[in-house]
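Okay, predicted coordinates and the sequence, questions at the end:
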Amino acid sequence: MSELRKIPNVGAQTEHDLLAMGYATIDALRGKSADELYAQECALRGETLDRCQLYLLRAVEYFVNTKDPDPHKCKWWYWTDEALEPSPCGTVCLTDCPACPQNCKGCRAIEGEVYWLPYIGGDCCPIYHCCVHERGARNCGGCERLPCAHWELRDPTMTDEEIERGLQKRLRRLETNSKK
């Protein structure tokens with residue numbers, strides 16, 4: 001048994017395939033994307049594997065490329081296509097929100113009833129409400145008012161620079177997502 005078995009979700013078959021693809025150590029996997037590994041594993045086996053294997057490899061990618069991976073985020077079933085779809089504001093809850101998945105299942109699952117609402121009042125995130133309930137959209141990508149006044153909420157625990165970096169990241173995600 002190799003050190004690859006120390007990676008959550010890596011069992012005998014995945015270990016065997018990773019070794020056959022030339023990845024003998026955790027270090028060898030660093031920087032590899034799940035999509036790349038999935039394509040290599042499909043080629044190795046000569047067939048398209050179930051997408052659950054891609055989800056497992058996404059969890060592997062998270063584990064090997066994160067300094068202190070959250071054990072709750074290492075479960076393969078959190079890495080589905082749906083879980084990685086940006087929320088209305090462009091946040092990918094699983095990767096961007098420290099409350100997800102242990103204390104929150106994601107904006108879509110909780111329908112915008114986010115944990116921080118008591119700090120601002122109301123019963124639904126204003127961005128989620130506008131996007132989903134008023135406009136009937138999946139996210140704010142393509143909205144001509146983006147970013148609008150709903151986006152002016154500020155997390156007091158973050159610096160202005162952190163807020164701006166997060167905003168730009170979410171806007172890029174929404175721009176990319178709206179073109180699909």
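It's in.

So what touches stretch 164-172?
Residues outside stretch 164-172 that contact it (Cβ atoms under 8 Å, 6 or more residues apart in numbering) are 86, 89, 90, 91, 96, 146, 147, 151, 158. C-beta coordinates here come from the backbone N, C-alpha and C atoms, glycine included.

Touching, the second one and residue 137? I think so.
No - counting by Cβ atoms under 8 Å, residue 89 stays clear of residue 137, with 11.6 Å between them.

How far away from the center of its chain is the least confident helix or strand in the chain by mean pLDDT?
When the helices and strands of the chain are compared on mean pLDDT, DSSP states H and E, helix 117-120 comes out lowest with a mean of 85. Counting by Cα atoms, centre = their mean, to the nearest Å, helix 117-120 is centred 24 Å from the centre of its parent chain.

CA atoms only: put it into PDB for me.
Written as PDB, here are the backbone C-alpha positions of helix 117-120 (Å, rounded to 0.1, in the frame of the first residue of the first chain):
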ATOM      1  CA  LEU A 117     -29.000  37.200   7.900                       C
ATOM      2  CA  PRO A 118     -29.400  38.200  11.600                       C
ATOM      3  CA  TYR A 119     -26.600  40.800  11.000                       C
ATOM      4  CA  ILE A 120     -28.500  42.500   8.200                       C
END
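
Tell me which of residue 89 and residue 137 has more neighbours.
residue 89 (27 against 15; other Cβ atoms under 10 Å).
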